[in-house]
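[1] any chance you could fold what I've pasted below:
(chains A and B)
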Protein chains: 2
Amino acid sequence: MSFPLVVEPFQEDFQGHLSWANMGNMTLRIASLHAEAHGFGVTYMKEYQRGWVLSRLAIEMNAMPASLQGFSIATWVSRIFRQFTDRNFEYRDADGRIIGHGISTWALIDYQSRQPINLEHLPNGGFSAAVFDEVPPIATYSRVRVTSPQLTLSHRCAVSDLDINGHVNSIRYLDMAMDMLPIEWHREHRLHRVELAYGLEGRCGDELEIAMQPLDALRFAFEIRRPADKAVLVKALLSFKDGI
Amino acid sequence: MSFPLVVEPFQEDFQGHLSWANMGNMTLRIASLHAEAHGFGVTYMKEYQRGWVLSRLAIEMNAMPASLQGFSIATWVSRIFRQFTDRNFEYRDADGRIIGHGISTWALIDYQSRQPINLEHLPNGGFSAAVFDEVPPIATYSRVRVTSPQLTLSHRCAVSDLDINGHVNSIRYLDMAMDMLPIEWHREHRLHRVELAYGLEGRCGDELEIAMQPLDALRFAFEIRRPADKAVLVKALLSFKDGI
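    Numbering: from 1, shown residues only, chains lettered A, B, ... in the order given. Down below sits the predicted model:
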């Protein structure tokens, strides 16, 4: 299932490409629309009082479409294992050339018990008919650890950070990580791969700490923490390439 | 010229309506596409090294479309006066009912001289043929003054705040203003009218101060300042209604 898109004015970053934040939210939007089309989206969740929770996300882009250019995002579910399911993404430019891949892992949470549902035992076979057993040709998730941060900044979560569930939008954490690097860095390096691992959800008013540790010349690890309860909300890894 | 749109997943605020930030950026996008279609958009600006600069914006919404609902934004230019032009907006829901209006004022800046162009003396009559002399039935811009702020918070401009020109995105200032009010306020009050008056442009790394002053029970004035050079970047006025 592939969704055609266009980079609209005011969706670009300061260098004229689709911003990673918009790319990330479009990716989640496509996941949501695909789930809905297969009967386990917003409508299902409302009826059964359940909700999809993003556990991990990795996106690798070899090129980012520029202003007014078309592109597409395809998505499919490749695996269902106990409480988790793997959803993949393939990004193509207007000429149909593959420009990127994504992998993600989700859990389905019951709002009453706050527990994840076993996805292998859903009624009527659940969504096993939608599974397509192929995975993108990119590395799987890394293990992220921040042991001695080089820089730590703070962020007070506000209304503009929230998604429809009242939690901090999953992609806002990517902005928080990208914003740790100065504009001079972004001018000379292209963000190539993004990894996000989600723990507890952030809420409006939360005071967060974003800690950054360089891993090598082009890779940076991040931990986004909430000092009030010592929670780690998100771990992230950004990998850059030289040049734009 | 009317553009059909849909509230996509991940464009909503925490209450399930299209967020003001997304509504604002869609409004600017439509302005850009309309200008392009009339020969004075991105293509023209690249060739002549000029750029549209937003001077004032006011949007009044009686309802905000909810998740997955369709809506439309129509736009037209109603006036050209010396260095300025007025562009208007009309918002309709999926049934064609008017749900809001917008007014905006723009200047065309020459990148080399940094001076505004006299829009009445453009070659070939400029875009005077596109002018449609009708204005929306909402109040014009107010005069905003913050004399004794009740609350002042700071914001460090970062890469994620920037637009394609490398300036802080015009609508980010609306987020900064909305974020000054606690979530409890937003839960019980619907943002009805937004006014923004733009001065100097914000850049990455700028340390800003956002000062808020209540005007009455439902209206708040804001000044977004850059203490480093005592510049006022944006003045804003938010008017709320009781209930959601």
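[2] in chain A, where's the longest helix?
    Criterion DSSP state H: the longest helix present in chain A is helix A:20-37.
[3] pull out the buried residues from it.
    A:20-36 (16 or more other C-beta atoms under 10 Å in any protein chain shown). (Each C-beta comes from the backbone N, C-alpha and C, glycine too.)
[4] so which of those residues are also by chain B?
    Residues of these in contact with chain B (C-beta under 8 Å from any C-beta of the partner chain): A:A21, A:N25, A:M26, A:L28, A:R29, A:S32, A:L33.
[5] quick one, what contacts the fourth one?
    In this case it means A:L28. Residues in contact with A:L28 (C-beta atoms under 8 Å, 6 or more residues apart in numbering or on different chains) are A:L54, A:S170, A:I171, B:P9, B:F10.
[6] nearest to B:P149, of those residues?
    Of all the contacts of A:L28, A:I171 has the smallest distance to B:P149: 31.9 Å, by C-beta to C-beta.
[7] name the helix or strand for the closest residue in space to A:I224 that isn't next to it in sequence, please.
    Among residues not flanking A:I224 along the chain, A:V234 sits closest, at 4.3 Å (C-beta to C-beta, 6 or more residues apart in numbering or on different chains). Element membership for A:V234 (DSSP states H and E) is strand A:231-242.
[8] what does that strand contact?
    Applying C-beta under 8 Å, 6+ apart, the external contacts of strand A:231-242 come out as A:142, A:144-146, A:168, A:173-174, A:177-178, A:181, A:185, A:188-202, A:208, A:215, A:218-226.
[9] which other helices and strands contact the helix or strand of chain A with the lowest mean pLDDT?
    Across the helices and strands of chain A, mean confidence by mean pLDDT, DSSP states H and E is lowest for helix A:42-48: a mean of 85. Contact here means 3 or more C-beta pairs under 8 Å, 6 or more residues apart in numbering or on different chains; DSSP states H and E; on that basis helix A:42-48 packs against helix A:20-37, strand A:50-61.
[10] could you dump those to a markdown table with distance to A:P136?
    Listed next are those as a markdown table, based on distance: least, C-beta to C-beta, whole Å:
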| stretch | distance to A:P136 |
| --- | --- |
| helix A:20-37 | 13 |
| strand A:50-61 | 8 |
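[11] for A:H192, which non-adjacent residue is spatially closest?
    Closest residue to A:H192 apart from its sequence neighbours, by C-beta to C-beta, 6+ apart: A:K241 at 4.6 Å.
[12] how many neighbouring residues does that neighbour have?
    Per other C-beta atoms under 10 Å in any protein chain shown, the neighbour tally for A:K241 reads 12.
[13] surely A:T75 and A:A31 touch.
    Yes: between A:T75 and A:A31 there is a contact under C-beta atoms under 8 Å: 5.9 Å.
[14] what's the overlap in contacts for those two?
    By C-beta under 8 Å, 6+ apart, A:T75 and A:A31 have these common neighbours: A:R87, A:F89.
[15] now the helices: where do they sit in chain A?
    When assigned using DSSP H, the helices of chain A occupy the ranges A:20-37, A:42-48, A:172-178, A:183-188.
[16] and the second one, C-alpha only, in CSV?
    The C-alpha trace of helix A:42-48 is given here as CSV (Å, rounded to 0.1, in the frame of the first residue of the first chain):
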residue,chain,number,x,y,z
VAL,A,42,-8.7,4.6,14.8
THR,A,43,-12.2,3.1,14.4
TYR,A,44,-11.2,-0.2,15.9
MET,A,45,-9.3,1.5,18.7
LYS,A,46,-12.2,3.7,19.6
GLU,A,47,-14.6,0.7,19.8
TYR,A,48,-12.3,-1.6,21.8
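[17] give me the contact list for that helix.
    So helix A:42-48 is contacted by A:S32, A:A35, A:E36, A:R50, A:G51, A:W52, B:P9, B:S67, B:L68 (C-beta under 8 Å, 6+ apart).
[18] redo those as TSV? Include pLDDT and distance to A:L5.
    Shown next, in TSV, are the contacts of helix A:42-48 (pLDDT from 0 to 100; distance: C-beta to C-beta, whole Å):
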residue	pLDDT	distance to A:L5
A:S32	94	14
A:A35	91	18
A:E36	89	17
A:R50	91	28
A:G51	90	25
A:W52	92	21
B:P9	93	13
B:S67	93	18
B:L68	93	17
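[19] want to throw these into CSV with distance to B:S160?
    Formatted as CSV, the contacts of helix A:42-48 follow (distance: C-beta to C-beta, whole Å):
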residue, distance to B:S160
A:S32, 22
A:A35, 27
A:E36, 28
A:R50, 31
A:G51, 26
A:W52, 25
B:P9, 20
B:S67, 24
B:L68, 26
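[20] most widely separated two among the residues you listed?
    The most widely separated members of the contacts of helix A:42-48 are A:R50 and B:L68, with 18.4 Å between them, by C-beta to C-beta.
[21] which bits of chain A sit near chain B?
    Counting by C-beta under 8 Å from any C-beta, the residues of chain A near chain B are A:8-16, A:19, A:21, A:25-26, A:28-29, A:32-33, A:42, A:67-68, A:158-160, A:162-166, A:169, A:171, A:175, A:178-179, A:181-183, A:186, A:204-205.
[22] are any of those buried, and if so which?
    Buried subset of the residues of chain A next to chain B (neighbour count, 16+ other C-beta under 10 Å): A:8-15, A:19, A:21, A:25-26, A:28-29, A:32-33, A:42, A:67-68, A:158-160, A:162-164, A:169, A:171, A:175, A:178-179, A:181, A:183, A:186, A:204.
[23] report the beta-bridge partners for the most centrally placed residue in chain A.
    Centroid-nearest residue in chain A, with C-alpha atoms, centre = their mean: A:L57, separated by 4.5 Å. Bridge pairing for A:L57 (DSSP bridges) gives the partners A:S104, A:L196.
[24] residue most distant from the centroid, chain A?
    Taking C-alpha atoms, centre = their mean, the residue of chain A most remote from its mean C-alpha position is A:N124, at 29.5 Å.
[25] who's in contact with the closest residue to A:R92 other than its chain neighbours?
    Nearest residue to A:R92, sequence neighbours excluded (C-beta to C-beta, 6+ apart): A:S72, at 4.9 Å. Counting by C-beta under 8 Å, 6+ apart, A:S72 touches A:S2, A:F3, A:P4, A:L5, A:Y91, A:R92.
[26] rerun at 6 Å
    For A:S72, the contacting residues are A:S2, A:P4, A:R92, by C-beta atoms under 6 Å, 6 or more residues apart in numbering or on different chains.
[27] so what's the residue count around the second one?
    By the measure other C-beta under 10 Å, the count of residues near A:P4 is 10.
[28] how far away is it from A:I98?
    Relative to A:I98, A:P4 is positioned 15 Å away (C-beta to C-beta, to the nearest Å).
[29] do the same with the last one
    Counting by C-beta to C-beta, the gap between A:R92 and A:I98 amounts to 6 Å.
[30] which of these two has more residues huddled nearby?
    A:R92 (18 against 14).
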